[in-house]
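Q: what follows is a predicted structure for the sequence shown.
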Number of protein chains: 2
Amino acid sequence: MNTPHDHIVKSYDEEQRRLLAELVRMGEMAAAQLEAALDVVARRDDRAAERIVANDEAIDALEHEVSHDVMKLALRGPLARDLREILVALRIAADVERIGDYAANIAKRSMALNLAPSLPQTRGLDALGRLALQQVRDVVAAYGNRDAEAAQRIRARDAELDTLYTGLFRELLTYMMEDARAITPCTHLLFMAKNLERIGDHATNIAENVWFLVHGEDLLPPREKRDATNTVG
Amino acid sequence: MNTPHDHIVKSYDEEQRRLLAELVRMGEMAAAQLEAALDVVARRDDRAAERIVANDEAIDALEHEVSHDVMKLALRGPLARDLREILVALRIAADVERIGDYAANIAKRSMALNLAPSLPQTRGLDALGRLALQQVRDVVAAYGNRDAEAAQRIRARDAELDTLYTGLFRELLTYMMEDARAITPCTHLLFMAKNLERIGDHATNIAENVWFLVHGEDLLPPREKRDATNTVG
């Protein structure tokens, strides 16, 4: 729990600003990983995919570091109003870490995808991915700017992502039924699409936490679980 | 942030014990949800599945409550050694919440599965599920008992779960290739199996946190991402 910096006593506010900047940087790293993952899927580049998988550990390590720093700050925090700031920082760090995991998993699966001929649905996956990436970038910025209105817009946009996902899911099922040889690669695309849909959910979680940070009360209605593919029969 | 109990000042240790008990209860609730989900898959019972999906909100609400209570305790905590206890409690609450989500998702997908004739692989899913359930039960008990040795055994057992999952994954792919009509229900089984594999990962996370709680340092080697299906070509 001790770091070499323990002897430097910074002001609480200064420390809090530093942590916010670190968390935003972590969010930007996760977004960059996602963008790189989408690129390797499109370019079918196994070497680059391996690098993305390896990079994920840096985000995981950063999440642990941020959590520790946030908690150390919590133990210094004399005011109950800091509770919200701290809880939100911990939750956002966990969401960002998961986004990084999903991005790495997409890169990993792209290597399996490259064992089979290219599938037309890869374009649909890319479109879904670009939307998810935009959501992540926007919500990290909304957190950095404490912008609750932007957060609410981002949260509302998650429905678009779910609609795209559901369409791609159905298209992949149809394709699998028509060509048994496509089943294995399509299964990877299904899981990659699901990862992107989950990234959207984590962006939504972050948006809700930005709202909570600014407005204190959870005035937003409970989030619908909109993945309609759970019930595709 | 204010609760009706704010005027009752309990001792720090008393409050900490109460929170530990609450978190263990939350873990047991998640295990019960998973067990109920496995039962509805086997019995093909849509009504019971709907109840499980509805119950998930109770776990989510409890997670928020526990996180708040833990943070309130953190703000009172005068000693740095409490940091580990608090961080671990927050992380375990988040893992338990995710386990509950996956259990609810399994219940939800069982309803889609019931639209098609019963598949033989449902038995394989049940075997995977029972193993995941045992992992969850054992790791919640290990946390309650502060038993790092038990946690280490649980963590090692995750490899078994991954092996079962990989076998089921391949079996499902083969079945889909042989019978195009089975593709939609098999896709649900694939995602349900993946949910169980993820539950195993969360049980492993909890085990690692129990170890960290007791031993302070992360002496365990980094967790391998053992899902071999990511690279099935």
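A: Structure received. From a predicted model like this one, the values you see are computed outputs, not experimental measurements.
Q: could you list the buried residues of stretch A:54-71?
A: By 16 or more other C-beta atoms under 10 Å in any protein chain shown, the buried positions in stretch A:54-71 come out as A:Asn55, A:Asp56, A:Ile59, A:Asp60, A:Leu62, A:Glu63, A:Val66, A:Ser67, A:Asp69, A:Val70, A:Met71. Using the backbone N, CA and C atoms, a C-beta is placed for each residue, glycine as well.
Q: can you name the next helix or strand after the lowest-mean-pLDDT helix or strand in chain A?
A: Of all the helices and strands that make up chain A, the one with the lowest confidence by mean pLDDT, DSSP states H and E is helix A:46-76; it has a mean of 88. Where DSSP states H and E defines the elements, the next helix or strand beyond helix A:46-76 is helix A:82-113.
Q: and the very next helix or strand once past that next one, what does it pack against?
A: Using DSSP H and E, the helix or strand that follows helix A:82-113 towards the C-terminus is helix A:122-145. For helix A:122-145, the elements it packs on are helix A:12-43, helix A:82-113, helix A:148-178, helix A:183-215, judged by 3 or more C-beta pairs under 8 Å, 6 or more residues apart in numbering or on different chains; DSSP states H and E.
Q: how about the ones you listed, which one is nearest B:Ala148?
A: With C-beta to C-beta as the measure, helix A:82-113 is the member of the helices and strands packed on helix A:122-145 nearest B:Ala148 (23.2 Å).
Q: tell me the angle of the closest one relative to helix A:12-43?
A: Relative orientation of helix A:82-113 with respect to helix A:12-43: 20 degrees, computed using axes from the mean of the first three to the mean of the last three C-alpha atoms, to 10 degrees.
Q: what ranges of chain A fall below the confidence cut-off?
A: A:1-9, A:77-81, A:217-226, A:233 (pLDDT under 70).
Q: contacting residues around A:Ala132?
A: A:Ala132 makes contact with A:Leu34, A:Leu161, A:Leu196, A:Glu197, A:Ile199, A:Gly200, A:Ala203, according to C-beta atoms under 8 Å, 6 or more residues apart in numbering or on different chains.
Q: make TSV out of the helices and strands packed on helix A:122-145 and add distance to chain B and mean neighbour count.
A: Written out in TSV, the entries for the helices and strands packed on helix A:122-145 read as follows (distance: least, C-beta to the nearest C-beta, whole Å; neighbours: other C-beta atoms under 10 Å in any protein chain shown):
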stretch	distance to chain B	mean neighbour count
helix A:12-43	13	19
helix A:82-113	5	24
helix A:148-178	5	18
helix A:183-215	5	23
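Q: could you export those as CSV, including distance to B:Leu131?
A: Supplementary listing: the helices and strands packed on helix A:122-145 in CSV, determined by distance: least, C-beta to C-beta, whole Å:
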stretch, distance to B:Leu131
helix A:12-43, 31
helix A:82-113, 22
helix A:148-178, 28
helix A:183-215, 21
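Q: for B:Arg25, find the nearest of those helices.
A: The stretch from those with the least distance to B:Arg25 (C-beta to C-beta) is helix A:82-113; that distance is 21.0 Å.
Q: what helices or strands is the least confident helix or strand of chain A leaning on?
A: For helix A:46-76, the contact count by 3+ C-beta pairs under 8 Å, 6+ apart identifies helix A:12-43, helix A:82-113, helix B:46-76, helix B:82-113 as packing neighbours.
Q: do you know how far A:Arg44 is from A:Ala112?
A: To A:Ala112, A:Arg44 is 11 Å away according to C-beta to C-beta, to the nearest Å.
Q: let me redo that: A:Asn209
A: Separation of A:Asn209 from A:Ala112 (C-beta to C-beta): 34 Å.
Q: same thing with A:Asp95?
A: A:Asp95 is 26 Å from A:Ala112, by C-beta to C-beta.
Q: isn't A:Glu197 up against A:Thr204?
A: No. Between A:Glu197 and A:Thr204 no contact is recorded; they are 10.7 Å apart, counting by C-beta atoms under 8 Å.
Q: show me the contacts for the residue sitting nearest the centre point of chain A.
A: For chain A, the residue nearest the mean C-alpha position is A:Ile99 (2.8 Å; C-alpha atoms, centre = their mean). The contact partners of A:Ile99, by C-beta under 8 Å, 6+ apart, come to A:Ala30, A:Ala31, A:Leu34, A:Val136, A:Ile199, A:His202, A:Ala203.
Q: nearest residue to it in space, please, no chain neighbours.
A: Distances taken as C-beta to C-beta, 6 or more residues apart in numbering or on different chains put A:Ala30 closest to A:Ile99, at 4.4 Å, once the chain neighbours are dropped.
Q: ok, the one you found - contacts?
A: Remark: with contacts taken as C-beta under 8 Å, 6+ apart, A:Ala30 is in contact with A:Ile59, A:Val96, A:Glu97, A:Ile99, A:Gly100, A:Ala103, A:Val136, A:Val140.
Q: quick check on A:Asn114: phi, psi?
A: A:Asn114 adopts backbone torsions of phi -70, psi -10, taken as degrees, to the nearest 10.
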